[in-house]
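Asks: A predicted structure for the sequence below; I have some questions about it.
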Amino acid sequence: MADVLPKMSKMYLGRIVDSFLRDVRMDSEEEIRDIILRNIDEFQNKERIVKKLDFSDESRDVALLNEMILMSLMEQQGYISTENNLYEMVESLEKEILIQSEDETFLDKAMPADSRSVFSAVLEAAWKKDDMLNAHEMNILNVLRKELKLSKHNQYLLECKIGRFPRKGNKLHTTQQIGKSLINLQTRGLILRFREDTSYYIIPEEIERTMRYEMGVELRNEVYKKLLEDLNNDQLKNILSQIEASISGRKNELIERIISHNILPSTALNVLGTVELTDVLRNLEGAKISGTKENKIQNIIDFYEKLSTPSLSDPTDERSRLYDFYEDLASRDYKALRVNKIIDKDVDVENHFEEATRYLFEKKLNIPLLDLKGTRHADGKVQFNTKEVILWDNKSTEEPYTFPEDHFKQFLRYIRSDSMRVTLFLVIVQDYTKEAVAQAQKLKAFSEEDTDVALIKAADLKYVAEQWRTFSKMNTPEFNLQVFNITGELTQNQLMSRMQWAL
């Protein structure tokens, strides 16, 4: 949320506030952003999200499109999509379901014959009286569907057969209808809309996990494939055998067949025995192995859910992979770092954090790095002007940084030993305590050179690296290091204010 809110205009911010707070009056965008972040616990409250995911009070078209939009976003890495791409994905998803419904062999494998027969009869009766389903009818269908162990996807397929999906006569929804649902989801506080070079929609990180499980979307297909690739052929064939699907073909064909039949990861893993699940977990570094069979299945899904695409955001520089996990390096999130193959050993964290920071200054801020002489020096150095430099040091910690005395002495030595005057010493951490801020002010006094000492969170430094150009009015913007040049804490609000006048 902290990354997305600065990119949202007042109208879109207002929709989010109204989704979880009442009778709040604010005049400026900054006030709205601040109140959202101060009430983030209420925004991400599970009960609120579950309530907002109940679309039974909406028309059939809005309710269905809300689900289509969320399902499309959940298939995207980072749960984000451009506006144009999202429209195309929703249309493609509706077309795909229509095509699947015409394949009787696929339908036979997708659901048990008895369940299909019973649900089809009730579904047709519900639709017969008019062109709409009321809230009572939708509730009965949901209860029956769950009792028969059918998925929402199964229901869509059967609605296709009676000419009711996506709309009457199997007509696709219009762009105007999709747009109406996008507004509805914003007013429910389930998706956010923001602009950079174009318009984007995103399910924010704070609520994506709850939404994913409530909607039965356990893993993105891309990640699900990685899980299935780590199983052997016999296990994949056993999964397909449960629905009497073909077990012939190569491994990649078996995997595609499992995904095309919409077999949930938890259903697939349930086919494995407890010993097999334990073996899978043993090969997943950092994953919890103990627990019931249900616990083991959940642990496997949670492990793979953290996987991301291994491609580099900047193919020209391998350090960009470290930069992509900048906050995780700062907070020593070992599980996330191991799962995504950022580190091999715990001791790699500090070095990778330093490398990612050098990449940030050099490539994101376009500031040339200066050489550091000897072995006992700060982690980074850049020129401030002809007579002064800026030094920084990275300190990754699992808990908020306290600025201990040994670090105080270490930083003081760096400041006094540099051949040029150090105008600013920047300490980059995942979070910091009030005591740390006091230590920064003390270090300025002890520097004997009036050196400013600032504490900055890795997330806020990365925000500057990504957003600073938007604050500049120049055709060829240049970063001004005055943005960082104060003593104490550099909060995101302070950084935004300083970028407004410095850039």
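Replies: Arrived safely.

Asks: Kindly indicate whether Ile428 is helix, strand or coil.
Replies: Three-state assignment for Ile428 (DSSP: H, G, I helix; E, B strand; the rest coil): strand.

Asks: Identify the residue spatially nearest to it, adjacent ones excluded.
Replies: Leaving aside its sequence neighbours, Ile428 sits nearest to Asn394 (CB to CB, 6 or more residues apart in numbering; 5.0 Å). All C-beta atoms are positioned from the backbone trio N, CA, C, and that covers glycine.

Asks: And the contacts of the helix or strand where Asn252 lies?
Replies: For Asn252, the host element (DSSP states H and E) is helix 251-260. Identification of contacts with helix 251-260 by CB atoms under 8 Å, 6 or more residues apart in numbering yields 106, 221, 224-225, 228-229, 233, 236-237, 239-240, 245-247, 249, 268.

Asks: What's the separation between the nearest residue to Leu148 once chain neighbours are set aside and Glu318?
Replies: Leaving aside its sequence neighbours, Leu148 sits nearest to Ser115 (CB to CB, 6+ apart; 4.0 Å). As judged by CB to CB, to the nearest Å, Ser115 and Glu318 stand 51 Å apart.

Asks: so what's Glu354 up against?
Replies: Taking CB under 8 Å, 6+ apart as the contact definition, Glu354 lies against 379-380, 394.

Asks: go on, Ile178?
Replies: Residues counted as contacts of Ile178 (CB under 8 Å, 6+ apart) are 65, 69, 87, 90.

Asks: Flag every buried residue along stretch 250-270.
Replies: Under the neighbour-count criterion of 16 or more other CB atoms under 10 Å, stretch 250-270 has 254-255, 257-258, 261-263, 265, 267-269 buried.

Asks: my bad, stretch 53-68
Replies: Neighbour counts over stretch 53-68 (16+ other CB under 10 Å) mark 53, 55, 58, 60-68 as buried.

Asks: For the residues you listed, work out which two are farthest apart.
Replies: Leu53 and Asp61 (17.2 Å; CB to CB).

Asks: what's the neighbour count on the closest residue to His407 other than its chain neighbours?
Replies: What sits nearest to His407 in space, not counting adjacent residues and going by CB to CB, 6+ apart, is Lys395, at 7.0 Å. Counted with other CB atoms under 10 Å, residues neighbouring Lys395 total 21.

Asks: What of Met474?
Replies: Per other CB under 10 Å, the neighbour tally for Met474 reads 8.

Asks: Which helix or strand contains it?
Replies: Following DSSP H and E, one finds Met474 outside all helices and strands.

Asks: picking that back up, can you tell me which of the buried residues of stretch 53-68 are in helices?
Replies: If you go by DSSP state H, the buried residues of stretch 53-68 have 60-68 in helices.

Asks: and the residue nearest to Ile428, what pLDDT?
Replies: With respect to pLDDT, Asn394 has a value of 97.

Asks: Phi first, then psi, for it.
Replies: Dihedral pair for Asn394: phi -100, psi 130, per degrees, to the nearest 10.

Asks: re earlier: excluding its own residues, what touches the following helix or strand past the helix holding Asn252? List them.
Replies: Per DSSP H and E, helix 251-260 leads on to helix 265-270 as the next helix or strand towards the C-terminus. Among residues not part of helix 265-270, those counted as contacts by CB under 8 Å, 6+ apart are 218-219, 224, 227-228, 239, 242, 258, 277, 293, 297-298, 300-301, 304.

Asks: Let's see if you can find the most crowded of those residues.
Replies: Ile239 (25 neighbours).

Asks: Please name the residues that touch that residue.
Replies: When contacts are counted by CB under 8 Å, 6+ apart, Ile239 touches 258, 263, 268, 271.

Asks: same thing with Asn262?
Replies: Asn262 sits next to 110, 151, 153 when contact means CB under 8 Å, 6+ apart.

Asks: Could you identify the buried members of these?
Replies: Among the contacts of Asn262, those buried by neighbour count (16+ other CB under 10 Å) are 110, 151.

Asks: between the contacts of Asn262, which is nearest Lys335?
Replies: Checking these one by one against Lys335 (CB to CB), the nearest turns out to be Ser151, at 30.0 Å.

Asks: any idea how far that closest one lies from Ser115?
Replies: Per CB to CB, Ser151 is found 11 Å from Ser115.

Asks: Equivalent analysis for Lys226, please.
Replies: From Lys226 across to Ser115, the span is 31 Å (CB to CB).

Asks: Now the spatially closest residue to Val122 that is not a sequence neighbour: which helix or strand?
Replies: In space, and not counting its chain neighbours, Val122 is closest to Leu144: 6.0 Å by CB to CB, 6+ apart. Assessed by DSSP H and E, Leu144 sits inside helix 135-147.
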